[in-house]
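A.B. asks: Got a predicted structure plus its sequence, pasted below:
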Amino acid sequence: MRFGNKIGIATLLLGLASLSASAAEMANLRNGFAIRHERHETRDTVTRLYLTKAPDNYVDIPTAEILSFEEIETHLAPVSAPPPSNNLDAMVSAASSRNNIDPDLILSVIRAESGFNPNAVSPKGAQGLMQLMPQTAAWLGVENAFDPAANVEGGTRYLGQLLARYHNDLALALAAYNAGEGAVDRAHGIPAFRETRSYVQKVQNAYFQPGSGHLTDSWLRSRPIRRETDSNGRIIFNND
């Protein structure tokens, strides 16, 4: 994939000529991903997907990797970032409450993804605290992946979607966060990628570290567990 910064006048006119009648589209890819975009145009062996209405915000996908396009009747609601705050814990707490994800799990993902650097950019182009790829950020409605609050909210929302897809199996959700849902589905489990296996282990080690209060039982290890106290003062573990 190739991301662009500038396009010429001729290209812009070509793009305007190929505007879809719908407000937005979804490109369904062979790897299991779907990329939401405003419009697309075919260029030789690649198809350029314009992620927003801005002419310099696009991603080039090999045309052979695109299975189909579909019109989107309504736009995904953009991520509404919490009130500005320099406190990462406050951002994580807000995202945790809205998406029902353990804040310790969110922090463990952030630690593994970016080392708490809001300006981090990976060699593959992932951005911000939770390392959102531009197309994933656009799909989630995150307009600026370097905005810490919006990045945490979008990354947490995506993690929640993966947990739901894989029936709260944390290991599979983390593998999909790292390698993509298509890779996990094709492998029927965690893909045999060294990077992905290392990533899953790294996040789980941080989440289940001694003294964290999280269970280490092998069955519960793969699920987001909250340690809580009931009305009688008894410690309970909730994985709802």
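C.D. replies: Perfect, I can see it now.
A.B. asks: what's near enough to touch Leu107?
C.D. replies: Leu88, Val92, Ala206 (Cβ atoms under 8 Å, 6 or more residues apart in numbering). From N, CA and C alone the C-beta is placed, and that goes for glycine too.
A.B. asks: Please flag which of those residues sit within strands.
C.D. replies: Among those, none falls in strands (DSSP state E).
A.B. asks: Just the buried residues out of those residues, in ChimeraX syntax.
C.D. replies: Buried subset of the contacts of Leu107, written as a ChimeraX selection, criterion 16 or more other Cβ atoms under 10 Å:
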select :88,92,206
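A.B. asks: Assign Ile35 to helix, strand or coil.
C.D. replies: strand (DSSP: H, G, I helix; E, B strand; the rest coil).
A.B. asks: Tell me the predicted confidence for it.
C.D. replies: With respect to pLDDT, Ile35 has a value of 74.
A.B. asks: Show me what the helix ranked longest in the chain packs onto, helices and strands only.
C.D. replies: In the chain, with assignment by DSSP state H, the single longest helix is helix 148-165. With contacts defined as 3 or more Cβ pairs under 8 Å, 6 or more residues apart in numbering; DSSP states H and E, the packing partners of helix 148-165 are helix 88-99, helix 103-114, helix 134-140, helix 170-179.
A.B. asks: Try it again at 6 Å.
C.D. replies: helix 88-99, helix 134-140, helix 170-179 (3 or more Cβ pairs under 6 Å, 6 or more residues apart in numbering; DSSP states H and E).
A.B. asks: Adding mean pLDDT and distance to Lys202, write these out as JSON lines.
C.D. replies: Formatted as JSON lines, the helices and strands packed on helix 148-165 follow (pLDDT from 0 to 100; distance: least, Cβ to Cβ, whole Å):
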{"stretch": "helix 88-99", "mean pLDDT": "93", "distance to Lys202": "18"}
{"stretch": "helix 134-140", "mean pLDDT": "92", "distance to Lys202": "20"}
{"stretch": "helix 170-179", "mean pLDDT": "93", "distance to Lys202": "9"}
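A.B. asks: And these: which comes nearest Ser68?
C.D. replies: helix 134-140 (16.1 Å; Cβ to Cβ).
A.B. asks: Which positions within stretch 139-147 qualify as buried?
C.D. replies: Those buried within stretch 139-147 under the rule 16+ other Cβ under 10 Å are Trp139, Leu140, Gly141, Val142, Glu143, Ala145, Phe146, Asp147.
A.B. asks: Next: stretch 165-180.
C.D. replies: Neighbour-count burial for stretch 165-180 flags 166, 168-180 (criterion: 16+ other Cβ under 10 Å).
A.B. asks: Closest one to Met26 out of those residues, please.
C.D. replies: Distances from Met26 to the buried residues of stretch 165-180, taken by Cβ to Cβ, are shortest for Gly180, at 16.2 Å.
A.B. asks: ok, Asp60 touching Asp44?
C.D. replies: No: using Cβ atoms under 6 Å as the test, Asp60 is too far from Asp44 to be in contact (10.1 Å).
A.B. asks: Quick check on these two: which one has the bigger neighbour count.
C.D. replies: Each of Asp60 and Asp44 has its neighbours counted (other Cβ atoms under 10 Å); Asp60 has more, 15 against 6.
A.B. asks: Just the endpoints, please. Distance across stretch 110-118?
C.D. replies: One end of stretch 110-118 to the other measures 10 Å (Cα to Cα, to the nearest Å).
A.B. asks: Offset the numbering so it begins at 391, please.
C.D. replies: Happy to do that; since the first residue is 391 now, the last one works out to stretch 500-508.
A.B. asks: Pull out the buried positions in it.
C.D. replies: Ile500, Ala502, Glu503, Ser504, Pro508.
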